[in-house]
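Participant: with the input below, show me the fold.
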Amino acid sequence: MFTNRTRLFIGTIFFLSLIILVDRHLYELSSVALMMIVLLGWDYLRQGTLVVASKQFHHKDYEKAERTLSEILRPQWLAKNRRGYYEFLMGGVCLQKQDFEDAEKHYEIAAQYPLRSITDHVAALVHVANISIRQGNFDKAEAYLQLTEKHNAKINAKMKDVISRLHQEIKKNKR
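Facilitator: Residues are numbered from 1 along each chain as shown. As a prediction, the model looks like this:
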C-alpha cells in the first residue's frame, strides 16, 4: 500500500518512538511501536508496492509503474495472490515497452498464480499466445489458447472474440 520511501519514513518514526518509549520505561507502548515496525516489514515482504504500481499502471503511467514495481527486491517472497498480479503488471509494462520476450516470461509466470479474476487469468494466457504467434511459435500459442477453453463460460464476449481471432491466425499460418 505504501512506496518504500513512505515505509521508511513511517518506520523511522516508529523506531524513534521505540527508543523514546524504552528510555522512559514504557514497555507496553514500546512493544506496540516494535510491532508496527515488524508489520511494516511484513507488509513490504508479502504485499510490496503493488497497490501504488497498479494505480499508476491503470492511469497509463508505465514508467512510474515500472519504477514502483522495481522497488520490490524479491518478488518470489510476495504472497501467492500478489505474485501473480506483480507478474501480470510487469508483463503489461514490458508489453508497452515492446519488450516481447520479457513480457512473455512475466505473463507465463502470472498464469501460474491466482489473479484477481478469471478475465485477468485468461488475458495472461492470451498475451502469451499472441506473443508466441508473433514469434512464429504456433504450437505454443495453440497450447496456451487451449488453456483458455476451460474458462470459456466465464469470460466476456470481447475476450472470446480475441481468442477466436488468434485461432484463425494460427490456422492461417499453420498451412
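Participant: switch to C-alpha atoms for all contacts and neighbour counts from now on
Facilitator: OK.
Participant: before we move on, which element is the residue nearest in space to the middle of the chain in?
Facilitator: The residue lying closest to the centre of the chain (C-alpha atoms, centre = their mean) is Tyr86, at 1.5 Å. According to DSSP states H and E, Tyr86 maps onto helix 80-96.
Participant: now the helix or strand following that helix - C-alpha only, CSV.
Facilitator: The first helix or strand that comes after helix 80-96 along the chain, using DSSP H and E, is helix 100-110. These are the backbone C-alpha positions of helix 100-110, laid out as CSV (Å, rounded to 0.1, in the frame of the first residue of the first chain):
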residue,chain,number,x,y,z
PHE,A,100,8.1,-9.1,-26.0
GLU,A,101,10.5,-11.7,-24.6
ASP,A,102,10.3,-10.3,-21.0
ALA,A,103,6.5,-9.7,-21.4
GLU,A,104,6.0,-13.3,-22.4
LYS,A,105,8.1,-14.5,-19.5
HIS,A,106,6.1,-12.4,-17.0
TYR,A,107,2.8,-13.4,-18.4
GLU,A,108,3.7,-17.1,-18.3
ILE,A,109,4.6,-16.8,-14.6
ALA,A,110,1.4,-14.8,-14.0
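Participant: buried set for helix 100-110?
Facilitator: Phe100, Asp102, Ala103, Glu104, His106, Tyr107, Glu108, Ile109, Ala110 (16 or more other C-alpha atoms under 10 Å).
Participant: and if you look at stretch 64-80?
Facilitator: Lys64, Ala65, Glu66, Thr68, Leu69, Glu71, Ile72, Pro75, Leu78, Lys80.
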